[in-house]
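[1] this is a predicted model, with the sequence first.
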Amino acid sequence: MKLLIVEDEPELAAGLGSYLRGQHFVCELAATFDQAQEKMLLYDYDCILLDLTLPGGDGLALLRELKQQRPEAGVIITSARNAVDDRIAGLQLGADDYLPKPFHLPELSARVAAIVRRRRYNGANMVQVGSLMVDVAARVATLGGQPLNLTRTELDLLLLLLANQGRVISKGAIAEHLSGDAAEQFDTYETVYAHVKNLKRKLTEAGAPNYIRMVYGLGYRFDTDLA
Amino acid sequence: MKLLTRTTLIFLLYASVVAGVGSFVYYSLIHKLYYAYVDRTLSRRKLRVQKALRLYLHSPADLAYWHQLDHNVEFVPLRALPARRSDQFSIRPMFNELTGQQQPYRQLAVPVVFQKRPYELQIRLSLLDTQSLLLRIVVAGAGLFSVLGLGMFGLQLILNRRLWQPFYALLEQLQQYKLNRNQTITLPTTPVREFRELHEAVQLLLRQNQRVYRYQKEFTENAAHEIQTPLAIMRTNLDLLVQAPGLTEEQAGYIENLMGVAQRLTHLTKSLLLLAQLDNHLYFPAETVDVAATVRTQLNQLTPQLAARGIQLETEIAASVLIRIHRGLLEVLTSNLLVNAIRHNVAEGLLVVRLTPEALTVENTGRAESLQEAGLFSRFHKSPDSSAESVGLGLALVLQICSNCGLPLRYTYVAPGRHRQQVLFS
């Protein structure tokens, strides 16, 4: 699966690339408007991460052009320009998602995974790990054919974990994923702890291996490699 | 006291003093003048009587006869001629046949000698008509005076109003002036130099203030924006760092601290940016949003925090309350109110959330003192009990959102240790 990262900050672009490559994506980088324009129109990407403030032009103009040429392309706008109208304009122009900077890498990874699934497997939107199956469209998780009775939040949490398998997801990233901006208000991560605990309990009660591990106080990791 | 009332009062005080003293002086003057006139008439008649005494009268019987013809001339016999021979004026009451009453008379008395015998010649003039005349003159004078005074008073009132009109126009505009609206102050052209100078001075002051305000706002906006990118890099690298194999627990602790700081910085810059945008009156498109659903969702999300502090939650939430507002702003508004009420609550405290179509009321137990004066809604306000993680912008945002969306915000200290925040949907 191929991604294009359009980002003019080299450190940020490198970080994004490094994390997403670890998620088995092939990543290409473009640092300027012209580079991005060239690559976008030449190659077919599963998903394009698009920064709006670029040397040489406005990211929204790039999006407009891309959507004329390839209406089916998946695009996530990543911008430090937090303005409301940018968000609306971006989504109206056909972007699939809008992720304001700064964001957590696991969050980005989950959103990329969602877009890739939508594009690749049209409709059949399933995630599978061992005997664990999640039907994203129907929002149902099953273990060995038996439905797991997960709440909305627990399912969101599971999808975040599945999109970042083998990676440590910080408590902050989980909190933001689950409750959006409201999470930032709170210093404590009681919410995260409570939801992870419930999810773990439901998985193990259904007979799943102990997939979810706590990594010190930092966060959690979903591991299928149980060595 | 209004400036106009004050000047009018001073003028009235002056006018009444002048009117009081003036009428008295005026009356005495007229009085004096009239008596002088009467006395002159009496003196002239005296000369005529003395001439008649010398030329036409022959016996004391003539004197009595004259008195009979004219009661106002009388010869009173004296025993001896007094030393003083000058005229003596006096006022004496006498019986008047016409009115049948005692009436005041002005009398001139002078000793005269007739056929070697001393007499006192008394010539009189009735003051009956003249007193009423005097009264009328005085009344007319007073009337004139009061008409003059009233006229001047009225004129002053009208003139003041018109003269001060530019001042009041300016005052009204200044009272409604909002620095963030980029308004201009206009004054109707006036020939009065002081007002023109005042206008120019005000304009200059406002222009400078606006410039400072704009710089400050742009600075906040740019600073917050410029911080986002380094923050993004920092958080990205922290997210990568936690993936490093073989992290020790100590290292993980350091990273956790850094992540917490990055989180706080993110929240701070986002809040600042939102505040700057609200200050800027950036357009936030309104849509019809169900407040009840928003509040319920957020209360659900806050359940673990409530449980951790042992706070008892009482809710009374209407099935559906629809208002027109920007969804994101409503979310920030309600979540800040709720989070604030939990954060500044006491252990085992109480949180009451009441939502009616008229208002959203959040009531919580907390410090036992009214927070009205504590700058509750001011930026970077921190109460003594707030945790280190709070940046002190939550309620400032609430206030700013409320004022932007035209929702009145009330704070009441309902009972000792009980605080109520209320947002009215009217």
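    Okay, I see it. Bear in mind the structure is a predicted one, so any value in this text is a computation, not a measurement.

[2] does residue B:314 touch residue B:353 like I think?
    Yes - counting by CB atoms under 8 Å, residue B:314 touches residue B:353, with 7.4 Å between them. Where you see a C-beta, it was placed from the backbone N, CA and C, and this is true even at glycine.

[3] okay, these two: which has more neighbours?
    A count of neighbours by other CB atoms under 10 Å in any protein chain shown puts residue B:353 above the other of residue B:314 and residue B:353, at 22 against 10.

[4] tell me the secondary structure for that one?
    strand (DSSP: H, G, I helix; E, B strand; the rest coil).

[5] wait, isn't it in contact with residue B:342?
    No - in this structure, residue B:353 is not within contact of residue B:342 by CB under 8 Å, at 10.8 Å.

[6] can I see the domain layout of chain A?
    What automatic domain parsing lists as the domains of chain A is A:2-120, A:126-222.

[7] check the offset of the last one from the chain's centre.
    In terms of CA atoms, centre = their mean, to the nearest Å, the centre of domain A:126-222 is found 14 Å from the chain centre.

[8] just to revisit the earlier point, now render the domains of chain A as a markdown table, adding mean pLDDT, mean neighbour count and distance to chain B.
    A markdown table is the format used below for these (pLDDT from 0 to 100; neighbours: other CB atoms under 10 Å in any protein chain shown; distance: least, CB to the nearest CB, whole Å):
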| stretch | mean pLDDT | mean neighbour count | distance to chain B |
| --- | --- | --- | --- |
| domain A:2-120 | 88 | 19 | 4 |
| domain A:126-222 | 85 | 18 | 3 |
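
[9] run a quick neighbour tally on residue B:290.
    Count around residue B:290 with other CB under 10 Å applied: 16.

[10] so what's it bridging to?
    Residue B:290 forms beta bridges with residue B:322, as assigned by DSSP bridges.

[11] contacting residues for it?
    Listed by CB atoms under 8 Å, 6 or more residues apart in numbering or on different chains, the contact partners of residue B:290 are B:320-322.

[12] same check on residue A:30?
    A:4-7, A:36, A:38-40.

[13] of the domains of chain A, which approaches residue B:361 most closely?
    domain A:126-222 (19.7 Å; CB to CB).

[14] re earlier: dump the contacts of residue A:30 into a markdown table; add secondary structure as well.
    Listed next are those as a markdown table, based on three-state DSSP:
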| residue | secondary structure |
| --- | --- |
| A:4 | strand |
| A:5 | strand |
| A:6 | strand |
| A:7 | coil |
| A:36 | helix |
| A:38 | helix |
| A:39 | helix |
| A:40 | helix |
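
[15] which pair of those spans the longest distance?
    Counting by CB to CB, the most remote pair of these is A:7 and A:38, 15.6 Å apart.

[16] pLDDT wise, what is residue B:420 at?
    The model reports residue B:420 with a pLDDT of 91.

[17] quick one: it from residue A:44, how far?
    Residue B:420 sits at a distance of 59 Å from residue A:44 (criterion: CB to CB, to the nearest Å).

[18] ditto for residue B:147
    Counting by CB to CB - residue B:147 and residue A:44 are separated by 99 Å.

[19] helices of chain A, residue ranges please.
    Counting by DSSP state H, chain A has these helices, from start to end: A:10-22, A:33-42, A:59-69, A:84-92, A:105-120, A:152-163, A:171-179, A:190-205.

[20] which residues does residue 96 contact?
    The chain I'm using is chain A. Taking CB under 8 Å, 6+ apart as the test, what residue A:96 contacts is A:74-76, A:115, A:118.

[21] oops, wrong one, chain B.
    For residue B:96, the contact set (CB under 8 Å, 6+ apart) comprises B:102-103, B:126, B:128.

[22] filter those residues to the buried ones?
    residue B:126 (16 or more other CB atoms under 10 Å in any protein chain shown).

[23] now, the most widely separated pair of the contacts of residue B:96?
    Among the contacts of residue B:96, the pair separated by the greatest distance (CB to CB) is B:102 and B:126, at 11.5 Å.

[24] ok, residue B:278 touching residue B:398?
    No - in this structure, residue B:278 is not within contact of residue B:398 by CB under 8 Å, at 10.8 Å.

[25] ok, back up a step: within reach of chain A, which of the contacts of residue B:96 are there?
    Checked against chain A using CB under 8 Å from any CB of the partner chain, these give no members in range.

[26] minimum pLDDT in the contacts of residue B:96, which residue is that?
    In terms of pLDDT, residue B:128 ranks lowest among those, with 77.

[27] who's in contact with the residue nearest to that residue when sequence neighbours are not counted?
    In this structure, residue B:128 finds its nearest non-sequential neighbour in residue B:103, 5.0 Å apart by CB to CB, 6 or more residues apart in numbering or on different chains. Listed by CB under 8 Å, 6+ apart, the contact set of residue B:103 reads B:93-96, B:126-128.

[28] with residue B:360 instead?
    B:291, B:295, B:334, B:337, B:353-354, B:422-423, B:425.

[29] okay if I get the residues you listed as JSON lines plus distance to chain A?
    Output for the contacts of residue B:360, formatted as JSON lines (distance: CB to the nearest CB, whole Å):
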{"residue": "B:291", "distance to chain A": "15"}
{"residue": "B:295", "distance to chain A": "12"}
{"residue": "B:334", "distance to chain A": "9"}
{"residue": "B:337", "distance to chain A": "11"}
{"residue": "B:353", "distance to chain A": "15"}
{"residue": "B:354", "distance to chain A": "20"}
{"residue": "B:422", "distance to chain A": "20"}
{"residue": "B:423", "distance to chain A": "17"}
{"residue": "B:425", "distance to chain A": "21"}
